[in-house]
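Trainee: Build me a structure from this.
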Amino acid sequence: MSFASRLEKLQAFLDADDLHEEALDYMAGHGFLTALAIAPTVVPEREWLDALFAEPPAWANDEQRQLIEDTLCELHSRIASELASDEEFELPCDLDLGDEPDYSDLRSWCVGFMEGVFMREDDWFAEQEETVSELLLPVMVGSGLFDDQPEFVEINREAEVVDEMLEHIPDTLTQLFLLFHAPEDKGKPALLQRH
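Mentor: Residues are numbered from 1 along each chain as shown. Prediction:
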């Protein structure tokens with residue numbers, strides 16, 4: 001089965017209504033995996049799989065469980081490869097919140113990304129806290145999780161500022177990836193050295 005076909009099955013599985021209410025849907029799951037691929041420390045596979053589902057799904061059989069978990073792991077690894085390449089990282093959704101931000105794909109993606117950050121929050125901010133905070137700002141704004149904080153209330157008053165921030169999310173993700181994974185003297189991760 002092609003990866004595209006498996007991805008379709010994964011999307012249908014994560015977007016179905018029978019998972020735990022705190023489980024991540026496909027869009028949030030993609031954001032979550034992107035954060036894990038960027039994170040300065042590795043989160044064990046079993047730990048993040050369990051966190052993504054919130055509680056074990058009612059699998060139809062072992063074959064279904066294997067397919068879904070394997071596809072998630074491959075998606076995680078493909079996201080990491082894309083971040084390490086010279087290509088601009090592409091989100092699986094439009095870079096705007098639309099007329100109903102709470103129901104937009106981008107909001108889901110950003111919420112999922114922040115869930116990934118929260119898994120190892122101390123590690124993300126252990127070094128260069130200011131730079132990391134600055135680079136995470138567009139995703140934090142997109143997530144809506146911090147809207148009650150004064151700084152975010154201020155930002156959200158300026159629709160054009162918000163739109164511009166959201167458009168820069170792919171670029172800030174690449175910068176975060178390089179910040180955590182590029183050797184300081186080389187400026188690019190080892191994966192890029194060969195190109």
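Trainee: ranges for the helices of the protein?
Mentor: Per DSSP state H, the chain has helices spanning 3-15, 26-38, 45-53, 62-84, 105-119, 121-124, 129-143, 150-156, 159-167, 169-181, 190-193. These are given in chain order.
Trainee: Adding mean neighbour count, distance to residue 94 and mean pLDDT, write those out as a markdown table.
Mentor: Where C-beta positions appear, they are placed from N, C-alpha and C, glycine not excepted. Shown next, in a markdown table, are these (neighbours: other C-beta atoms under 10 Å; distance: least, C-beta to C-beta, whole Å; pLDDT from 0 to 100):
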| stretch | mean neighbour count | distance to residue 94 | mean pLDDT |
| --- | --- | --- | --- |
| helix 3-15 | 15 | 17 | 97 |
| helix 26-38 | 25 | 11 | 98 |
| helix 45-53 | 16 | 23 | 98 |
| helix 62-84 | 16 | 18 | 97 |
| helix 105-119 | 22 | 6 | 98 |
| helix 121-124 | 14 | 26 | 97 |
| helix 129-143 | 18 | 11 | 97 |
| helix 150-156 | 13 | 19 | 95 |
| helix 159-167 | 13 | 9 | 96 |
| helix 169-181 | 19 | 11 | 95 |
| helix 190-193 | 12 | 28 | 40 |
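Trainee: can you redo those helices as TSV with distance to residue 95?
Mentor: Listed next are those as TSV, based on distance: least, C-beta to C-beta, whole Å:
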stretch	distance to residue 95
helix 3-15	20
helix 26-38	13
helix 45-53	23
helix 62-84	16
helix 105-119	6
helix 121-124	22
helix 129-143	9
helix 150-156	16
helix 159-167	5
helix 169-181	6
helix 190-193	24
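Trainee: for those helices, which one sits closest to residue 92?
Mentor: Residue 92 lies closest to helix 26-38 among the helices of the chain, at 5.3 Å (C-beta to C-beta).
Trainee: Now do that closest one against helix 129-143, angle only.
Mentor: 170 degrees (axes from the mean of the first three to the mean of the last three C-alpha atoms, to 10 degrees).
Trainee: chain center to helix 26-38: distance?
Mentor: Here helix 26-38 is found 3 Å from its chain centre; the criterion is C-alpha atoms, centre = their mean, to the nearest Å.
Trainee: picking up where we left off before, list just the one of the helices of the chain that sits closest to residue 97.
Mentor: helix 105-119 (5.6 Å).
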